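[1] Sequence first, then the predicted structure, then my questions.
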Amino acid sequence: MSADFVFMEHTFPFRPYKPERFEPDEMIARGTEFYDFLDQRRSVRFFSDEPVPLRCVELAVLAANTAPSGAHQQPWKFVVVGDLDTKKRIREAAEVEERQNYEGGRLPAEWREALAPLETTSDKRYLEAAPWLVVCFAEKYGVRPDGRKVKHYYVNESVGIACGLFIAALHRMGLSTLTHTPNPMAFLTEICERPANERPYILFPVGYAGDDAEVPDLTRKPLEQAMVHYR
């Protein structure tokens with residue numbers, strides 16, 4: 001086989017890959033430690049306005065960039081907003097849509113019933129309180145310098161994995177976030193001045209959890225419900 005792999009008009013050189021290996025006991029210990037760490041993560045709706053270094057957000061985006069993606073097209077763009085006026089515009093626009101969802105009847109009764117235990121409402125004040133808002137946009141297709149479109153593959157799957165790593169990286173740094181998906185989200189395209197090939201995917205408030213932070217006392221699926229061991 002050639003040392004180079006040609007695909008989508010790009011050439012990817014190949015190199016040896018030998019990840020570190022561990023004895024079974026250490027693998028299990030490492031896996032347990034990582035699970036215990038992630039199991040402490042919770043979505044937060046109460047944020048401190050204490051400043052957070054931009055470098056923390058940059059590192060979380062770099063972590064997201066390590067995600068696998070269809071044909072290595074990396075179809076995501078993270079837009080970082082720290083300006084108070086812009087955060088206010090985003091909050092106000094989000095609340096317009098959320099009032100239609102919660103009070104205007106746009107959400108079906110079954111959906112509202114499912115949300116009721118979480119006590120979520122159309123009040124999204126945390127979008128102004130958090131020092132950073134990060135909007136992940138999914139690139140529906142790429143655009144070459146000459147304006148021609150490039151088809152992207154497995155966009156939702158790729159962007160979803162990247163967002164998961166983004167969340168994990170924030171948690172590793174002691175920061176909190178929330179996967180906010182107001183629907184529809186076209187206002188984010190307008191406010192963030194994004195091109196037509198991008199669509200809003202998730203809006204992340206990013207910061208320290210506030211002193212008044214509370215989260216629902218939830219339990220997660222036990223292993224026997226989350227995994228099937230097919231022999």
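    Structure received.
[2] Just the residues contacting stretch 209-217, thanks.
    Contact with stretch 209-217 is made by 42, 43, 44, 45, 46, 47, 48, 117, 118, 119, 129, 176, as judged by C-beta atoms under 8 Å, 6 or more residues apart in numbering. For every residue, glycine as well, the C-beta is placed using N, CA and C.
[3] Now residue 80: which helix or strand?
    strand 76-81 (DSSP states H and E).
[4] Enumerate the positions of the next helix-or-strand element following that strand that are buried.
    The helix or strand immediately downstream of strand 76-81 is helix 84-102, counting by DSSP H and E. Buried residues in helix 84-102, counting neighbours by 16 or more other C-beta atoms under 10 Å, are found at 87, 89, 90, 91, 93, 94, 95, 97, 98, 100, 101, 102.
[5] can you pull out the strands in this structure?
    4-7, 10-13, 76-81, 132-139, 141-143, 149-151, 176-177, 198-207 (DSSP state E).
[6] Buried residues in the strand holding residue 80, which are they?
    So, applying 16+ other C-beta under 10 Å, buried residues of strand 76-81: 76, 77, 78, 79, 80, 81.
[7] Identify the residues contacting that strand?
    So strand 76-81 is contacted by 54, 57, 61, 64, 69, 87, 90, 132-139, 158-159, 162-163, 166, 192, 194, 198, 201 (C-beta under 8 Å, 6+ apart).
[8] Each with direction, which strands does that strand pair with?
    Take DSSP bridges as the rule and strand 76-81 pairs in its sheet with strand 132-139 (antiparallel).
[9] and the angle from the partner strand to strand 198-207?
    For strand 132-139 against strand 198-207, the angle by axes from the mean of the first three to the mean of the last three C-alpha atoms, to 10 degrees is 160 degrees.
[10] And the average pLDDT for strand 132-139 is what?
    Strand 132-139 carries an average pLDDT of 98.
[11] Please spell out which residues along it are buried.
    Result for strand 132-139 [16+ other C-beta under 10 Å]: buried residues 132, 133, 134, 135, 136, 137, 138, 139.
[12] With stretch 35-52 instead?
    For stretch 35-52, a neighbour-count test (16+ other C-beta under 10 Å) marks 42, 44, 45, 46, 47, 48, 52 as buried.
[13] what does stretch 196-206 give?
    Buried, per 16+ other C-beta under 10 Å, within stretch 196-206: 197, 198, 199, 200, 201, 202, 203, 204, 205, 206.
[14] Going by distance to residue 180, which of these wins?
    Nearest to residue 180 out of the buried residues of stretch 196-206 is residue 203 (C-beta to C-beta; 4.4 Å).
[15] Setting the sequence-adjacent residues aside, check what's closest to the closest one.
    Distances taken as C-beta to C-beta, 6 or more residues apart in numbering place residue 180 nearest to residue 203, at 4.4 Å, with adjacent residues excluded.
[16] Residue 45 contacts residue 127, correct?
    No. Counting by C-beta atoms under 8 Å, residue 127 is not a contact partner of residue 45; they are 10.0 Å apart.
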